[in-house]
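Novice: what's the 3D shape of this:
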Amino acid sequence: MMRIAHIVRQFHPVKGGLEEYVFNLAQEQTLDSHDVFVYTLNKNFQDNKKLKKEEAINNIKIKRSVFFGLKKYPLTFLSISELNKFNIIHIHGLDFFIDFLSLCKRTKILKPKLIFTTHGLIFHTNQHSIYKRLYFNIVSKFSLKKVDQIISISENDQKYISSLKLNSSLIPNGVKIQKFGASLGNAVNNNRFICFGRIYAHKNIDWLINTFSEKKFSKYELKLICPYENEEFYKIKTMIRVSNISVSANFSNEQILNEISKSNFIISASEYEGFGISIIEMMSYGLIPVLNEKVPSFKKFILESKSGTCFTLNSDNLKNKISSFLKNDLIKHRENAIQYAKKYSWEDISLKIKSLYQDNNAIK
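Specialist: Reported below is the predicted structural model:
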């Protein structure tokens, strides 16, 4: 049995890909009889609500601390004496945690093995790109040199890590197969597309709305499903002026399953993804991916799964790709999507991470 501490800015009940990754990995580890803790912050960044200082969910022990500073780089206190009781400290994402704990490791006051997972690093958008590069090439390089093992979740992340002259193990994101419940089946033939996930500038939700609002897309339906309502959600809602586009938030699992059963496609115009968990989640239900070719992991999904198609951010290109694709055997593409999603099951991914922990002599 190992004592494992996951360190991450945001965690359950906060909704998002990184938060879900940590939750599912921790869940698999508790099922494997390990003692698992999560150290995180005491505020939900999505609604600014304070969270309990301590609680346990599914045998995962959660400890939340007060912080100050920027949400992207929050400063907080971590007890080194407490952390020294663990075999493994697994840090998720580039922020204060990795910089502080690697410095503690460098000064030899922190004893456990340090594991770091990239989660897309800090290059999700081009905003502040000069500052991001300086931070990554100077501060992050210094910090990551003291990490015992780096896990890259995508080939793109692995290239960034390699640019620092550091090595990493490529272990893709795990995905909870059919996470919303048993499939209700899919529509045999329709032109309905789901776009699923949080609203950020790099996701290009506004481009999708403008594109599907064009007359040539009138026979295609676009359903936007967001995890929660916020300022961005209401901005998007005001953009919709045609009947073939709709947006909803705060759906229950049953409502999401119902939307999936009425659809054939999962679409994303995102220009950057560390991986793309929601795409694989939807593929596990047989939704066929229609994805922006700019994202390396998206191109990989299409190529390896033999399901779906890629497009550029040009409405004519998307229209032509869809028209051409609809001539294919959609049932075969749905079957391919389901089979491909299974390779990312959390059971398999957790075993790979466990093996990496063992390679670092973490088990006592």
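Novice: Count the residues that sit near the residue lying closest to Val295 once chain neighbours are set aside.
Specialist: What sits nearest to Val295 in space, not counting adjacent residues and going by CB to CB, 6 or more residues apart in numbering, is Glu273, at 5.0 Å. (Each C-beta comes from the backbone N, C-alpha and C, glycine too.) Burial measure for Glu273: 25 neighbouring residues, criterion other CB atoms under 10 Å.
Novice: got a list of what Glu273 touches?
Specialist: With contact taken as CB atoms under 8 Å, 6 or more residues apart in numbering, Glu273 is in contact with Gly120, His124, Val295, Ser297, Phe298.
Novice: Tell me the one among those residues nearest to Ile266.
Specialist: Lowest distance from Ile266 to the contacts of Glu273 (CB to CB) belongs to Phe298, with 10.9 Å.
Novice: Flag the shaky bits of the stretch 151-300 of the chain, pLDDT-wise.
Specialist: Counting by pLDDT under 70, the ranges of the stretch 151-300 of the chain that qualify are 187-189.
Novice: any chance you could map the strands in it?
Specialist: Under the criterion DSSP state E, counting those that start in this stretch, strands of the stretch 151-300 of the chain are mapped to 169-170, 192-196, 221-226, 245-249, 265-268, 288-292.
Novice: With Leu103 as the reference, name the closest of those.
Specialist: The minimum distance between Leu103 and those falls on strand 169-170, with 23.2 Å, by CB to CB.
Novice: What pairs with the closest one, parallel or antiparallel?
Specialist: According to DSSP bridges, the neighbouring strands of strand 169-170, each with its direction, are strand 149-152 (parallel).
Novice: contacts for the strand it pairs with?
Specialist: Among residues not part of strand 149-152, those counted as contacts by CB under 8 Å, 6+ apart are 113-118, 144, 158, 161, 166-171, 353, 356, 359-360.
Novice: give me that answer again for 10 Å
Specialist: Under the contact criterion CB atoms under 10 Å, 6 or more residues apart in numbering, strand 149-152 has outside partners 88, 90, 92, 113-121, 144, 157-162, 164, 166-172, 274-275, 352-353, 356-357, 359-360, 362.
Novice: so who does the closest residue to Ile245 other than its chain neighbours touch?
Specialist: Spatial nearest neighbour of Ile245, chain neighbours left out: Leu222 (4.7 Å); criterion: CB to CB, 6+ apart. Applying CB under 10 Å, 6+ apart, we find Leu222 in contact with 191-195, 208-209, 211-213, 240, 242, 244-247, 263, 265, 267.
Novice: same deal with Ile194?
Specialist: The contact partners of Ile194, taken as CB under 10 Å, 6+ apart, are 221-225, 256, 259-260, 262-268, 278, 282, 285, 287.
Novice: among those, which ones are buried?
Specialist: Among the contacts of Ile194, those scoring as buried are 221-225, 256, 259-260, 263-268, 278, 282, 285, 287 (criterion: 16 or more other CB atoms under 10 Å).
Novice: Look up the closest residue to Trp346, ignoring the ones flanking it.
Specialist: The shortest distance from Trp346 to any residue that is not its chain neighbour, by CB to CB, 6+ apart, is 3.9 Å, and that residue is Gly174.
Novice: if we can go back for a sec, can you select the buried ones from the contacts of Leu222 in ChimeraX?
Specialist: Below is the selection syntax for ChimeraX that covers the buried ones among the contacts of Leu222, with 16+ other CB under 10 Å defining burial:
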select :191,192,193,194,195,208,209,211,212,213,240,244,245,247,263,265,267
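Novice: right, and the secondary structure at Asn328 would be what?
Specialist: Here Asn328 is recorded as coil under DSSP: H, G, I helix; E, B strand; the rest coil.
Novice: How many neighbouring residues does it have?
Specialist: Neighbouring residues of Asn328 were enumerated by other CB under 10 Å; the total is 13.
Novice: likewise Leu164?
Specialist: Leu164 sits with 16 neighbouring residues when counted by other CB under 10 Å.
Novice: give me the element the residue lying closest to it once chain neighbours are set aside is part of.
Specialist: Setting aside the residues directly before and after it, Leu164 is nearest to Lys141 in space (CB to CB, 6+ apart), at 4.5 Å. For Lys141, the host element (DSSP states H and E) is helix 141-144.
Novice: ditto for Ile115
Specialist: According to DSSP H and E, Ile115 maps onto strand 113-117.
Novice: Return the set of buried residues in the helix or strand that that strand is followed by.
Specialist: In the C-terminal direction, the helix or strand that comes right after strand 113-117 (DSSP H and E) is helix 129-134. If you call a residue buried by 16+ other CB under 10 Å, then helix 129-134 has these buried ones: Lys132.
Novice: next one: stretch 341-355
Specialist: By neighbour count, and taking 16+ other CB under 10 Å as the criterion, the buried residues in stretch 341-355 are Ala341, Tyr344, Ser345, Trp346, Ile349, Ser350, Ile353, Lys354.
Novice: so which of those comes closest to Val8?
Specialist: Distance to Val8, by CB to CB, is smallest for Ile353 among the buried residues of stretch 341-355, at 14.7 Å.
Novice: Got the domain ranges for the chain?
Specialist: Following the assignment in automatic domain parsing, the chain carries domains at 3-174+345-359, 192-343.
Novice: Arrange the ones you listed in TSV, one row each, with distance to Gly185 as further columns.
Specialist: Compiled in TSV, those are given as follows (distance: least, CB to CB, whole Å):
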stretch	distance to Gly185
domain 3-174+345-359	21
domain 192-343	6
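Novice: right, and those - which one's nearest Phe180?
Specialist: Closest of the domains of the chain to Phe180 is domain 192-343, at 4.3 Å (criterion: CB to CB).
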